[in-house]
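Peer 1: Sequence plus predicted model, see below.
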Amino acid sequence: MKLYILTDLEGISYVVREEQTSPGSKEYEEACLLLTREVNAAIDGALEGGVTEILVNDLHGARGGFNLIPEELHEHARYVTGGPRTCRMAGLDESFDLAFMVGYHAMAGTQGAVLDHTMSTRVIVDAYINDRKVGEIGIDASILGYFNIPVALVTGCRMAVKEAESLLGNIEGVVVKEGFSRNFAMCLPPVKSRRLIREAAKRAVQRAKEFKPFKINPPITVRVKYSHPNYADIQARIPRVEREDSRTIVVRGEDLLDVMRILGWY
Ligand SMILES: [Zn+2]
């Protein structure tokens, strides 16, 4: 059984502040270690559940991921790292059976969520796929769904897991922190988060046949509302991007990957 693991940083246990998510600080280095160890816990659990091949995609960061700590990496996986990227979901194809999202966060504007945003904290206010409001969980699940790969496990704050369950149904969710507000949360100790992730990852693999891919039926319409007209101005110069109003653009198409590629999300 083949597993694709997508990783982000904002939904990792004990990561609650902006400085923990941007390179160049001691806080960021520490967050990267927490991330790497949570990913390792997910890999351990997946292997216990019967997965034989694992590819990890380090996705945090605008220009591509370079967050995992090489010397700490689990030996039973391969890793997609670096950028700028020619494809956000490099290495993904229909040969994978299952996907995990480790360290994910709720969509922009979610009250009580830790570090909520959609692709960019400052740039995007809302995103919709076929009129359904989505964040990164929904966007990435739709790309996985295109390849018929279901999401089996999501880890993050309480609101991220709630968002995943409302979109994807009865998946395995691990709540590693509860937000009081955006940068203020009650957290599990990382050692406990890792144990819960390992146990949930094992269960997720054992339940693999229960999960359904998140499929979006064509025609596809993706609508993005930006925080400032300048961002919409830049996007509207790209062919096939329609301007809806001062701050909103729309991309339409028959093929989800085609639309996601135009937006830079695939
Ligand atoms: Zn991130």
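Peer 2: Yes, it's here.
Peer 1: tell me which parts of the chain are close to the ion?
Peer 2: Residues of the chain lying near the ion by C-beta under 5 Å from the ion: 8-10, 60. Where C-beta positions appear, they are placed from N, C-alpha and C, glycine not excepted.
Peer 1: Rebuild the residues you listed as TSV, extending it with neighbour count.
Peer 2: Shown next, in TSV, are those (neighbours: other C-beta atoms under 10 Å):
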residue	neighbour count
Asp8	28
Leu9	25
Glu10	25
His60	23
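Peer 1: And for the residue of the chain found nearest the ion, nearest residue in space, chain neighbours not counted?
Peer 2: For the chain and the ion, the shortest gap (C-beta to the ion) falls at His60, measuring 3.7 Å. Among residues not flanking His60 along the chain, Leu9 sits closest, at 4.1 Å (C-beta to C-beta, 6 or more residues apart in numbering).
Peer 1: Quick check: that neighbour touching Asp58?
Peer 2: No - shown here, Leu9 and Asp58 do not form a contact pair, counting by C-beta atoms under 8 Å, at 9.3 Å.
Peer 1: intersection of neighbour lists for these two?
Peer 2: Common neighbours of Leu9 and Asp58, using C-beta atoms under 8 Å, 6 or more residues apart in numbering, are Asn67.
Peer 1: residue contacts, the residue nearest to His60?
Peer 2: Leu9 touches 15, 20-21, 31-32, 35, 60, 67, 103, counting by C-beta under 8 Å, 6+ apart.
Peer 1: One more pass at 7 Å, please.
Peer 2: By C-beta atoms under 7 Å, 6 or more residues apart in numbering, Leu9 lies in contact with 15, 21, 31, 35, 60, 67, 103.
Peer 1: Check Val123 too.
Peer 2: 226-227, 231.
Peer 1: if we go to 6 Å?
Peer 2: Tyr231 (C-beta atoms under 6 Å, 6 or more residues apart in numbering).
Peer 1: Repeat that for Leu167.
Peer 2: Contacts of Leu167 (C-beta under 6 Å, 6+ apart): Gly138.
Peer 1: What are the buried residues along the host helix or strand of it?
Peer 2: Using DSSP states H and E, Leu167 falls within helix 158-168. Using 16 or more other C-beta atoms under 10 Å as the test for burial, helix 158-168 gives 158-164, 167-168.
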